[in-house]
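Chemist: here are the coordinates; sequence isn't available:
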């Protein structure tokens, strides 16, 4: 691996760590892997607002499912 490539990887890791710290401060509930996936999608051209809406909807559905399972004793 060249020094240039190593520097690029190091910078990307540092950026992801900073984004993760911000994510934690904002209580997003996203783990590092999910956050990295979101960043990759946005870098690929996905609309960030649309992605945020999808994530919020998935969290809502997950909460409803968890509540339903708890209520039904499963």
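Modeler: Alright, I've got the coordinates. Remember, predicted model here, so these are calculated numbers, not experimental data.

Chemist: what segments of the protein are helices?
Modeler: Along the chain, counting by DSSP state H, helices occupy 3-25, 32-43, 48-71.

Chemist: on contacts alone, who are the packing partners of the least confident helix or strand in the chain by mean pLDDT?
Modeler: Least confident element among the helices and strands of the chain, by mean pLDDT, DSSP states H and E: helix 48-71 (a mean of 90). Here helix 48-71 touches helix 32-43, going by 3 or more Cβ pairs under 8 Å, 6 or more residues apart in numbering; DSSP states H and E. (Each C-beta comes from the backbone N, C-alpha and C, glycine too.)

Chemist: same list, the helices of the chain, but as JSON lines with mean neighbour count please.
Modeler: As requested, the helices of the chain are arranged in JSON lines below (neighbours: other Cβ atoms under 10 Å):
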{"stretch": "helix 3-25", "mean neighbour count": "11"}
{"stretch": "helix 32-43", "mean neighbour count": "13"}
{"stretch": "helix 48-71", "mean neighbour count": "11"}
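
Chemist: could you tell me the angle between the least confident helix or strand of the chain and helix 32-43?
Modeler: 150 degrees (axes from the mean of the first three to the mean of the last three Cα atoms, to 10 degrees).

Chemist: so what touches helix 48-71?
Modeler: 29, 30, 38, 41, 42 (Cβ atoms under 8 Å, 6 or more residues apart in numbering).

Chemist: next one: it to chain centre, how far?
Modeler: 14 Å (Cα atoms, centre = their mean, to the nearest Å).

Chemist: again, but for stretch 10-21
Modeler: Remark: stretch 10-21 is offset 13 Å from the chain centroid, using Cα atoms, centre = their mean.
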